[in-house]
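Novice: Output the structure for:
(2 chains)
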Protein chains: 2
Amino acid sequence: MQYDFIFHNPTKMYFGKSALENLKEELKHYGQTIMLAYGKGAIKKIGLYDELMKIFKDAGKNVVEFSGIMPNPTAAKVREGIKLVRDNNVDFILAVGGGSTMDCVKAVSMGAANDVDFWEHFYMNYNIPEKMIPYGTVVTMVGTGSEMDGGSVITNEDVKIKTGVVYPNMLPAFSILNPKYTFSLSKFQMVSGICDMMSHIMEQYFSESDEDNVSDDLSEALMKNIIKNAYISVENPEDYNARGNIMWAASLALNTLLSCSKKGDWEVHNIEHQISAYYDVTHGMGLAAISPSYYRHIMDYGLSKFKKFATNVFGVNPDGKTDKEIALEGIDKLEEFFKNIGATTKLSELGVTNAEELDKIAETCFVSESAYKVMTADDIKTILRNAL
Amino acid sequence: MQYDFIFHNPTKMYFGKSALENLKEELKHYGQTIMLAYGKGAIKKIGLYDELMKIFKDAGKNVVEFSGIMPNPTAAKVREGIKLVRDNNVDFILAVGGGSTMDCVKAVSMGAANDVDFWEHFYMNYNIPEKMIPYGTVVTMVGTGSEMDGGSVITNEDVKIKTGVVYPNMLPAFSILNPKYTFSLSKFQMVSGICDMMSHIMEQYFSESDEDNVSDDLSEALMKNIIKNAYISVENPEDYNARGNIMWAASLALNTLLSCSKKGDWEVHNIEHQISAYYDVTHGMGLAAISPSYYRHIMDYGLSKFKKFATNVFGVNPDGKTDKEIALEGIDKLEEFFKNIGATTKLSELGVTNAEELDKIAETCFVSESAYKVMTADDIKTILRNAL
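Specialist: Below you'll find the model as predicted:
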């Protein structure tokens, strides 16, 4: 553990078949009016909406509904939520869904509690929120890890900017995780979530420190667990234990445990976000398409880590091979894994084809200064072309 | 993740060479009077006492000293601390040292804040503390994990009982970990700490669920990290990176991360505590002596886990061997590891020799109901004899 770090994550995690039973007790800590935030109604199909309404009623709470939160939630949607909170004096927000719903609720929580323009103050300028509307989550999709972190990604359609912020004091008060809620996800959604969580781990792992450290060892253990359980989860959506492993691994992947004493390199996410500004690409699939190309491009600058990844995560046999051959075989195995579970590993298959636009994307990407190789626009152009 | 669980650990962890720089800011959240709790003066030898006094002065705090906390802290010492807190209206306690100091401070915190007899109310009867005197820690010895949990072990000499409690709401507000503080520990202390943290991990790992689970995978990663860095740490006490890995692994070993979806089996700790009631045995060394004998005794009842341990943690080659042979070889390797780093693996070497007393110990041990094999007194007698 070469570099100094702070680890602090007070979110209370309730996990399992009985997790929702804790909601009523948790709600006692908050005022009378609850805002129920969700997406396009999937929570009604799985019966969760009715269960929640019963719990609110039993707890004697008033409910304000904030529904229709879309994938890649917009600033306009956030403003709608802020108005709802203020108009109804909402005391607590319950975000029920996946990363989009949770990220939108974080923005609403910051925006409603502080007398500022939420977009300018928190997303364009990084001002730590002084106050928040407390919120909790019930997770029905896996991958983003938003249920145990202070991150939020919002898209402002007016200015065509999709950007993420992380405020360590914006964590959920509690999160409720029941693997059963994921049984009805489409294969596409599940696979996309798995690619997202793998990317979260790799973006912490493939960076300094390269000294032996606990975080890298935990990262390898989690990646191996995810790979093993991804195959089972995709094959049999109702395998509770496999889905449970994936769900818990997703939370641990981004709760800052794996970034202790690590610099982190979030360039794959940076590139994917910028592609999203031009194309309607599902986040996890975009990451799966960029990762192999990005890592092949930077491999030489962090060769020892890529070699470790190949042998420790994918069991590449190093006998008679050069370090570079070993490292490359590891990235090949990663791409093969993405393909095997049904992810798209080519940008062209995601509809990204316009070479001129790729150049614009390359020139406007946010660049990670803590990467093994700090990107130039030319680097990104090459990476994008190799990912087509 | 087969079994339901709650994970909640809000302690703020400051790690590294600059960790102490955060103390002054943390103290701002608390009142005027700080109690500095420490042991027999090791913190003066490493210059930490003077650094702390300067920080208290700069922060404008009054300081009350509570020193001389002994290994296996006594109920009498706790009462002394409670009186000091009450007589001086202490607002915050800073525990500086290892597990003994931290455990004693937890008891003082509970005892001083609640108008009850601390021993009867919290240690003989498990009443969740309603209030506490807030406290933080500065860690100078590794192993107990007390810096990131709500556990406290106290010895009542009057009634000859040594007992531990765990209150999830009794966590430190923050903990400060600088691996350099461990450089001057004796080899005996360091090795004892390493055996303690290995035991913490094994006592969670060697229990159900035996379904594939994230916790077991993280446990294996941590054990491998500890084994690797233990050899370096013991060989070269000033290897910062190795000591850092050991220090962080110790915190993660017992902060309940590894017990998510696990039943846990704390019988090795139970037996060691009971031995301590009769003999002056250093905790970690006692665990190192009991563990191999205990695990050989119960191996057949959880064979698949012991086989996994052998191959995944100690790299035992399974070719041409029965499951039992593989499992046994893993436990042999564990014992060999303890010996190699300088631990005592025989109770007789720790002065435990009286066979009649061993029987009394076996008959009075607390029995873990969640173990692979629930112990009878005869089981424990056999285990103790095999550990002589």
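
Novice: any idea how chain A splits into domains?
Specialist: Following automatic domain parsing, chain A resolves into domains at A:12-181, A:186-386.

Novice: Would you tell me which of the ones you listed gets closest to B:Asp216?
Specialist: When these are compared by Cβ to Cβ, domain A:186-386 sits nearest B:Asp216, at 9.2 Å. (C-beta placed from N, C-alpha, C; glycine too.)

Novice: and A:Glu3, how far is that from chain B?
Specialist: I think there's a mix-up here, since residue A:3 is Tyr and not Glu. With distances taken as Cβ to the nearest Cβ, to the nearest Å, A:Tyr3 is found 7 Å from chain B.

Novice: Would you confirm that that residue contacts A:Lys262?
Specialist: Yes - in this structure A:Tyr3 lies within contact range of A:Lys262 using Cβ atoms under 8 Å: 7.3 Å.

Novice: longest helix anywhere in chain A?
Specialist: In chain A, taking DSSP state H as the definition, the longest helix is helix A:214-235.

Novice: Show residues contacting the following helix or strand past that helix.
Specialist: For helix A:214-235, the following helix or strand on the C-terminal side (DSSP states H and E) is helix A:240-253. Contact with helix A:240-253 is made by A:13, A:15-16, A:139, A:142-145, A:147-148, A:175, A:177, A:179-180, A:182-183, A:193-194, A:196-197, A:200-201, A:222, A:225-226, A:229-230, A:232-233, A:236-237, A:258, B:1-2, B:211-214, B:260-261, as judged by Cβ atoms under 8 Å, 6 or more residues apart in numbering or on different chains.

Novice: Okay, buried residues for stretch A:381-388 please.
Specialist: Applying a neighbour-count criterion of 16 or more other Cβ atoms under 10 Å in any protein chain shown, one finds A:381, A:383-384, A:387 buried in stretch A:381-388.

Novice: Mind checking which of these are in strands?
Specialist: For these, not one is inside strands, with DSSP state E as the criterion.

Novice: thinking again about what came up before, mind checking which of the contacts of helix A:240-253 land in helices?
Specialist: Among those, DSSP H puts A:193-194, A:196-197, A:200-201, A:222, A:225-226, A:229-230, A:232-233, B:214 in helices.

Novice: Would you write a ChimeraX line that selects the buried entries of the contacts of helix A:240-253?
Specialist: Selecting only the buried entries of those in ChimeraX, with 16+ other Cβ under 10 Å as the criterion:
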select /A:13,15,16,139,142,143,144,145,147,148,175,177,179,180,182,183,193,194,196,197,200,201,222,225,226,229,230,232,233,237,258 /B:1,2,212,213,214,260,261
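
Novice: and the closest residue to A:Lys45 other than its chain neighbours, how many neighbours does it have?
Specialist: Nearest non-adjacent residue to A:Lys45, counting by Cβ to Cβ, 6 or more residues apart in numbering or on different chains: A:Ser184, 6.8 Å away. By other Cβ atoms under 10 Å in any protein chain shown, 13 other residues sit near A:Ser184.

Novice: for A:Ser184, what are its contacts?
Specialist: Applying Cβ under 8 Å, 6+ apart, we find A:Ser184 in contact with A:42, A:45-46, A:237.

Novice: quick one: it from chain B, how far?
Specialist: Applying Cβ to the nearest Cβ, the value for A:Ser184 to chain B is 19 Å.

Novice: do you know how far that residue is from A:Gly39?
Specialist: Between A:Ser184 and A:Gly39 the computed distance is 13 Å (Cβ to Cβ, to the nearest Å).

Novice: shaky segments in chain A?
Specialist: Within chain A, no range satisfies pLDDT under 70.

Novice: and the longest strand for it?
Specialist: Longest strand in chain A, counting by DSSP E: strand A:5-15.

Novice: who's in contact with whichever helix or strand comes after it?
Specialist: Next in sequence after strand A:5-15, counting helices and strands by DSSP H and E, comes helix A:23-27. Helix A:23-27 is contacted by residues A:12, A:34, A:52, A:55-56, A:58-59, A:61, A:92, A:94, A:136, A:138, A:173-174, A:176 when judged by Cβ under 8 Å, 6+ apart.

Novice: Restricted to helices, list these.
Specialist: Assigned to helices by DSSP H, the following of the contacts of helix A:23-27 qualify: A:52, A:55-56, A:58.

Novice: Residue nearest the middle of chain A, spatially speaking?
Specialist: The residue lying closest to the centre of chain A (Cα atoms, centre = their mean) is A:Thr144, at 2.3 Å.

Novice: Excluding chain neighbours, what is closest to it?
Specialist: Nearest to A:Thr144 is A:Gly99, by Cβ to Cβ, 6+ apart, at 2.9 Å.

Novice: Neighbours of the one you found, how many?
Specialist: Quick note: A:Gly99 (other Cβ under 10 Å) scores 27 neighbours.

Novice: Which one of the ones in helices among the contacts of helix A:23-27 is nearest to chain B?
Specialist: A:Ile55 (17.4 Å; Cβ to the nearest Cβ).

Novice: what about A:Ser109, which helix or strand?
Specialist: A:Ser109 belongs to helix A:99-113 when assigned by DSSP H and E.

Novice: C-terminal to that helix, what's the next element?
Specialist: Counting by DSSP H and E, what follows helix A:99-113 is helix A:118.

Novice: elements contacting that following helix?
Specialist: helix A:75-88, helix A:99-113 (3 or more Cβ pairs under 8 Å, 6 or more residues apart in numbering or on different chains; DSSP states H and E).

Novice: just these: most buried one?
Specialist: Most buried of the helices and strands packed on helix A:118 by mean neighbour count (mean count of other Cβ atoms under 10 Å in any protein chain shown) is helix A:99-113; its value is a mean of 27.

Novice: tell me the angle of that one relative to helix A:240-253?
Specialist: Angle of helix A:99-113 versus helix A:240-253, following axes from the mean of the first three to the mean of the last three Cα atoms, to 10 degrees, is 40 degrees.

Novice: residues touching A:Asn225, list them.
Specialist: A:245, A:249, B:212, B:214, B:217.

Novice: which one among those gets closest to B:Val268?
Specialist: Comparing the contacts of A:Asn225 against B:Val268 with Cβ to Cβ places B:Asp217 closest, at 21.7 Å.

Novice: ok, now which ones touch the residue nearest to A:Thr144?
Specialist: Taking Cβ under 8 Å, 6+ apart as the definition, contacts of A:Gly99 comprise A:141, A:143-146, A:153, A:196, A:283.

Novice: ok, A:Asn62 touching A:Leu36?
Specialist: No - using Cβ under 8 Å, A:Asn62 is not in contact with A:Leu36, being 10.7 Å away.
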